[in-house]
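Participant: Fold the stuff below for me.
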Amino acid sequence: LNSLPPEILLKILSYIDAASLLCIGCVNKWFHKMAKDNALWYKIYTTALGKRKWKPKVINETTAVLSAASIEEKPSGYWRRLYFSKILGNNENKLKHQLKNINPYTGLPSKTEQVLRNLQATWEITVLDKKGQEITFEQSHAYFSESSVTVCWTSTHWPFLNNLTLLKLHGVIRVALAESGTIEPVWRSLMAKHDMKSIWDQRKGIGADKLVTLFHIPPGLIVGIWRGQWSVAFFMASLHFHKLVERSALGSSICPYTVPAELPPFDDVDPEYGLHGYALHISLHNTIKDIMSAQFTQLFCKTDQIRNGFVMLKVIGRNDKTQHTPISGKIDTPWRTDALGGIVENCCLMSLTLLDETQNPFWCVSTPVAMQLSAKESTCFDYVGENYVIYYQDSEGKVQMNFVWLEERGQFFLINLVLFIATEKVNKHFGRQY
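Facilitator: Have a look, this model is predicted:
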């Protein structure tokens with residue numbers, strides 16, 4: 001078939017359905033290029049959806065040539081993307097309608113999990129080794145919490161870690177087509193693309209048990225390594241709900257969805273605009289259960305409290321015992337592969353949603369964190385026990401949480417919680433010069 005003229009091959013391909021066309025595109029690079037032809041997918045699009053973008057008034061040779069040219073003017077794969085966008089029902093306007101109701105507790109769309117399940121959304125990891133070989137792994141299981149989903153990938157066929165050069169994370173939507181029979185075409189939306197060498201250099205160990213060591217690879221990836229060797233046991237990713245539906249469904253296989261900027265209206269009257277009216281939802285959880293969940297409102301910072309390039313938002317104070325929060329159970333992360341499992345103590349997942357004055361998401365984080373024994377003595381004398389700290393930092397801000405372990409109750413208490421937001425982020429968002 002490779003020896004056939006392109007015109008003849010396109011004519012043959014014009015008689016097959018969308019599912020078969022997708023399968024043919026996986027044969028080799030030549031068929032992949034032919035199966036993306038705009039004329040083929042324009043015909044499928046108009047036949048399935050009955051919406052023609054143009055209709056010449058006079059049918060003659062000139063208009064036929066111009067019409068064909070109009071179709072081919074679009075970028076390669078344009079009509080295929082448009083077709084699946086309509087078939088999936090995942091265009092932005094429809095998604096906005098489905099996600100318009102906001103959960104007052106988390107500040108995020110209340111139907112995020114439901115919409116993802118209705119779309120049959122899953123997530124895949126694709127790794128590239130030094131030989132240029134790509135291997136794709138489907139998710140093993142996923143755990144939904146209040147404001148994030150934790151996805152796990154397990155396999156016995158992982159390449160050695162030092163052989164990996166690239167890692168890609170895709171959202172995957174399986175499309176049920178009436179004519180496809182048992183074939184389920186998939187739509188992939190690129191969510192993250194990491195150079196493994198550079199991100200591995202940024203790795204941070206967050207815990208270990210007798211079998212595996214957990215490493216955090218920014219922003220929210222965990223890799224479990226079998227102890228005593230450099231072979232991968234599993235990957236884990238913590239995905240925040242903010243724009244997760246759009247990022248999982250509205251990008252393409254090579255280009256991620258671009259989140260539109262949502263800036264609040266400028267206020268030139270309030271001298272401390274951008275420093276008050278914040279609300280926070282924060283949760284600690286693992287792959288099985290929620291450990292802690294809390295909401296805080298009316299957070300603020302005075303101008304003279306802005307120091308060292310950060311706006312400080314004090315959420316829980318050491319000296320206000322009424323704010324101290326008990327933690328249900330131990331802080332740990334269970335894991336499992338096809339054959340083995342375990343629990344890594346003193347680490348978990350943190351999901352944080354900070355809302356601005358207009359109650360729109362301002363800083364959203366879902367990441368693994370480690371709890372460590374504090375090197376400083378506690379200044380809180382209401383409790384007697386060992387003191388622990390969780391500390392997280394990225395380019396947009398920092399989080400510090402202090403805990404005390406009460407041995408007689410077998411329970412942690414959260415006695416201090418402070419957020420530090422990068423002043424540069426606040427200035428850019430609110431149009432200020434703090």
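Participant: where does the stretch 251-400 of the chain have low pLDDT?
Facilitator: Applying pLDDT under 70 to the stretch 251-400 of the chain flags residues 378-381.
Participant: so what does the helix or strand where residue 413 lies touch, helix or strand wise?
Facilitator: Using DSSP states H and E, residue 413 sits within strand 411-422. Applying 3 or more CB pairs under 8 Å, 6 or more residues apart in numbering; DSSP states H and E, we find strand 411-422 packed against strand 310-316, strand 325-326, strand 397-406. Where you see a C-beta, it was placed from the backbone N, CA and C, and this is true even at glycine.
Participant: what angle separates the last one from strand 411-422?
Facilitator: Here strand 397-406 runs at 170 degrees with respect to strand 411-422, directions being taken by axes from the mean of the first three to the mean of the last three CA atoms, to 10 degrees.
Participant: Strand 397-406 pairs with which strands?
Facilitator: Using DSSP bridges, strand 397-406 pairs in its sheet with strand 386-393 (antiparallel), strand 411-422 (antiparallel).
Participant: chain center to that strand, what's the gap?
Facilitator: 25 Å (CA atoms, centre = their mean, to the nearest Å).
Participant: same check, this time on stretch 212-223
Facilitator: 15 Å.
Participant: My guess is residue 35 contacts residue 12. True?
Facilitator: No: taking CB atoms under 8 Å as the definition, residue 35 is not a contact partner of residue 12, at 11.5 Å.
Participant: So between those two, which is more surrounded?
Facilitator: Between residue 35 and residue 12, counting by other CB atoms under 10 Å, residue 35 is the more crowded of the two (23 against 12).
Participant: so what's the backbone phi/psi at the nearest residue in space to that one that is not next to it in sequence?
Facilitator: Leaving aside its sequence neighbours, residue 35 sits nearest to residue 25 (CB to CB, 6 or more residues apart in numbering; 3.4 Å). Dihedral angles phi and psi of residue 25 (degrees, to the nearest 10) take the values phi -60, psi -10.
Participant: Is it correct that residue 96 falls within a strand?
Facilitator: No: counting by DSSP: H, G, I helix; E, B strand; the rest coil, residue 96 is not part of a strand but helix.
Participant: What's the local residue count around it?
Facilitator: 12.
Participant: Quick check, residue 31 in contact with residue 22.
Facilitator: No: the criterion here is CB under 8 Å, and residue 31 misses it with residue 22 at 10.9 Å.
Participant: Just checking the distance from stretch 364-378 to the centre of its chain.
Facilitator: 22 Å.
Participant: er, stretch 339-352 actually
Facilitator: 19 Å.
Participant: Need the distance between the two termini of it.
Facilitator: 33 Å (CA to CA, to the nearest Å).
Participant: which of the residues in it are buried?
Facilitator: 342, 344, 346-352 (16 or more other CB atoms under 10 Å).
Participant: What helix or strand is the residue nearest to residue 220 when sequence neighbours are not counted located in?
Facilitator: Excluding its sequence neighbours, the residue lying closest to residue 220 (CB to CB, 6+ apart) is residue 238, at 4.3 Å. Element membership for residue 238, per DSSP H and E: strand 232-240.
Participant: helices or strands up against the helix or strand following that strand?
Facilitator: Sequence-wise, the next helix or strand downstream of strand 232-240 (DSSP H and E) is helix 244-249. Using 3+ CB pairs under 8 Å, 6+ apart as the contact test, the elements touching helix 244-249 are helix 92-98, helix 112-118, strand 121-129, strand 164-174, strand 186-195.
Participant: mind listing what the next helix or strand after helix 244-249 pairs with, with the direction of each?
Facilitator: As assigned by DSSP H and E, the chain's next helix or strand after helix 244-249 is strand 278-285. Strand 278-285 sits in its sheet next to strand 290-299 (antiparallel), strand 347-355 (antiparallel), going by DSSP bridges.
Participant: coming back round to it: mean neighbour count and distance to residue 242 added to the strands paired with strand 397-406, as TSV?
Facilitator: Converted to TSV, the strands paired with strand 397-406 look like this (neighbours: other CB atoms under 10 Å; distance: least, CB to CB, whole Å):
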stretch	mean neighbour count	distance to residue 242
strand 386-393	16	17
strand 411-422	21	16
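Participant: among those strands, which is nearest residue 99?
Facilitator: strand 411-422 (25.4 Å; CB to CB).
Participant: Show residues contacting the closest one.
Facilitator: Identification of contacts with strand 411-422 by CB atoms under 8 Å, 6 or more residues apart in numbering yields 280, 282, 292, 299, 309-318, 324-328, 330-331, 354, 363, 378, 380, 383, 388, 395-406.
Participant: Buried subset of the residues you listed, written for ChimeraX?
Facilitator: Remark: buried members of the contacts of strand 411-422, expressed as a ChimeraX selection using 16+ other CB under 10 Å:
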select :280,282,292,299,310,311,312,313,314,315,316,318,324,330,331,354,363,378,380,383,388,396,397,399,401,402,403,404,405
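Participant: Any idea how many residues pack against the closest residue to residue 107 other than its chain neighbours?
Facilitator: Using CB to CB, 6+ apart and skipping the chain neighbours, the partner closest in space to residue 107 is residue 355 (4.5 Å). Residue 355 sits with 23 neighbouring residues when counted by other CB under 10 Å.
Participant: Low-confidence regions, the stretch 1-150 of the chain specifically.
Facilitator: Ranges of the stretch 1-150 of the chain meeting pLDDT under 70: 1-2, 50-73, 87-91.
Participant: And the strands in it?
Facilitator: Using DSSP state E, counting those that start in this stretch, the strands of the stretch 1-150 of the chain run over 121-129, 134-138, 141-144, 148-154.
Participant: other SSEs contacting the second one?
Facilitator: Okay, so that is strand 134-138. Using 3+ CB pairs under 8 Å, 6+ apart, strand 134-138 sits against strand 121-129.
Participant: Please point out which parts of stretch 79-86 sit buried.
Facilitator: So, applying 16+ other CB under 10 Å, buried residues of stretch 79-86: 79-85.
Participant: Thanks a lot, see you next time.
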